[in-house]
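Participant: predicted model and sequence below, questions to follow.
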Amino acid sequence: MSLVLQFLLLVLGFALLVKGADFFVDGAAGIAKKFGIPDLVIGLTIVAMGTSAPEAAVSIAGAFKGSADISIGNVVGSNLLNVLVILGLAAVIIPIAVSVSTVKYEIPFLIAISVLFPILGMDGTMSRIDGIILWICFIAYLIYLFKMAKNGKEEEESSAKDISIPMALLLTVGGAVMIVFGSDFAVDSASTIARTFGMSERFIGLTIVALGTSLPELFTSVTAARKGNADIAIGNIVGSNIFNYLFVIGTSALIIPINFASNFIVDAIIALAAAVFLWFCVFKDRELARIGGSAMLIGYAAYFVYIAFIAV
């Protein structure tokens with residue numbers, strides 16, 4: 001099969017993942033709304049998890065296909081891209097305001113999870129026990145979100161559309177099918193491309209696959225910044241990173257244990273450093289300024305050079 005075809009399948013896989021996630025969220029949220037489930041519940045669960053659907057699909061498919069480097073690399077790479085590239089670009093366009101709860105609770109929680117993640121993987125495997133631990137943390141995070149919203153500290157809005165049950169079912173099933181096929185195409189083609197060019201699956205997972213599964217966050221945050229609505233960007237990115245660690249890796253490990261290569265420890269520590277740097281930038285003024293965004297972009301460029309030319 002030609003290399004050009006593999007690249008086309010990779011692009012097709014990403015397109016199916018992005019649009020499939022959109023359809024799945026709209027359909028599932030529409031069904032929930034028809035059954036009287038509160039918008040708060042829809043927003044905090046279905047819609048929030050839907051943004052992590054591409055990462056989840058690729059990581060689970062990678063684990064089943066024996067491509068653990070793509071599974072782990074996809075999540076770590078997506079989290080690095082989310083903070084250093086997406087927030088960096090958005091902040092360079094316009095300084096990003098940050099809510100009090102994000103500074104006081106959510107970023108510190110992300111930092112704590114970023115510490116836990118490599119510790120769990122130090123034995124070389126993300127086991128089902130590790131998956132249970134991550135899911136316990138995930139449930140605790142959901143409880144926090146519910147309590148925060150009910151106390152009026154943060155307003156979580158649902159994007160649920162008022163659609164008919166047949167259409168909602170069609171969107172849900174169709175979106176799920178698109179996500180499954182998209183993840184298959186993305187993992188298979190990325191693995192083939194990596195072998196053809198002599199690149200490691202770790203590099204492909206940390207860069208190309210991570211970028212593909214982070215496209216929704218990239219378009220949303222940069223577009224919001226350009227329109228002057230950048231105040232929503234950091235909370236969404238931090239929440240997405242927490243979901244990636246806890247929901248995506250936790251669910252993948254519960255289904256099938258994942259090999260955790262030792263060189264991912266370094267990548268996970270760099271992701272931790274990125275989260276700490278984000279918190280340092282916004283702690284005082286509750287704003288990610290252009291200088292902070294520029295530093296993040298430079299930091300990612302240095303990291304890319306490291307994984308492309310230095311790391312084995």
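Facilitator: That came through fine.

Participant: hey, where'd the helices end up in the stretch 101-250 of the chain?
Facilitator: Counting by DSSP state H, counting those that start in this stretch, the stretch 101-250 of the chain has helices at residues 107-121, 128-150, 165-197, 201-204, 210-213, 215-226, 233-243, 250-255.

Participant: could you find the closest non-adjacent residue to residue 133?
Facilitator: residue 120 (6.6 Å; CB to CB, 6 or more residues apart in numbering). For the C-beta atoms, the positions are set from N, CA and C on the backbone; glycine is no exception.

Participant: relative to residue 268, how far out is the one you found?
Facilitator: 10 Å (CB to CB, to the nearest Å).

Participant: which outside residues touch stretch 247-257?
Facilitator: 49, 52, 55-56, 59-60, 63-64, 71-72, 75, 117, 125-128, 130-135, 137-138, 258 (CB atoms under 8 Å, 6 or more residues apart in numbering).

Participant: likewise stretch 280-298?
Facilitator: Stretch 280-298 has contacts (CB under 8 Å, 6+ apart) with 83-85, 87-92, 95-100, 102-103, 107, 234, 274, 277-278.

Participant: before we move on, the earlier item: contacting residues around the residue nearest to residue 133?
Facilitator: Per CB under 8 Å, 6+ apart, neighbours of residue 120: 126, 130, 133, 134, 260.

Participant: which two in these are spaced the farthest apart?
Facilitator: 133 and 260 (13.8 Å; CB to CB).

Participant: the two: who's more crowded?
Facilitator: residue 260 (26 against 18; other CB atoms under 10 Å).

Participant: returning to what we had before: quick one: the residue nearest to residue 133 and residue 107, what's the gap?
Facilitator: With CB to CB as the criterion, residue 120 and residue 107 are 21 Å apart.

Participant: surely residue 238 is in contact with residue 105?
Facilitator: No: Residue 238 is beyond contact range of residue 105, at 9.9 Å (criterion: CB atoms under 8 Å).

Participant: what about these two, which has more around it?
Facilitator: residue 238 (24 against 16).

Participant: ok, the more buried one to residue 28 distance?
Facilitator: 23 Å.

Participant: what do you get for residue 193?
Facilitator: 32 Å.

Participant: of those two, who's got more company?
Facilitator: Per other CB under 10 Å, whichever of residue 193 and residue 28 has more neighbours is residue 28, with 23 against 18.

Participant: the more buried one is in what secondary structure piece?
Facilitator: helix 3-34 (DSSP states H and E).

Participant: quick one: distance of that helix to the chain centre.
Facilitator: 15 Å (CA atoms, centre = their mean, to the nearest Å).

Participant: what comes up buried for that helix?
Facilitator: 6, 9-10, 13-33 (16 or more other CB atoms under 10 Å).

Participant: thinking again about what came up before, just the buried ones from the contacts of stretch 247-257?
Facilitator: For the contacts of stretch 247-257, buried by 16+ other CB under 10 Å: 49, 52, 55-56, 59-60, 63, 71-72, 75, 117, 125-127, 130-131, 133-135, 137-138, 258.

Participant: remind me which residues of the chain are low pLDDT?
Facilitator: Per-residue confidence for the chain (pLDDT under 70) gives these ranges: 1, 25, 37-52, 68, 149-162, 216-233, 236, 311-312.

Participant: any idea whether residue 262 is helix, strand or coil?
Facilitator: coil (DSSP: H, G, I helix; E, B strand; the rest coil).

Participant: now for it: which residues touch it?
Facilitator: Counted by CB under 8 Å, 6+ apart, residue 262 has contacts residue 124.

Participant: next, give phi and psi for it.
Facilitator: phi -60, psi -30 (degrees, to the nearest 10).

Participant: measure it to residue 269 for me?
Facilitator: 12 Å.

Participant: quick one: contacts of stretch 57-69?
Facilitator: Defining contact as CB under 8 Å, 6+ apart, one finds that stretch 57-69 is touched by 17, 70-72, 74-75, 179-180, 182-184, 186-188, 191, 200-202, 204-205, 209, 213, 248-249, 251-252, 255-256, 258-261, 264.
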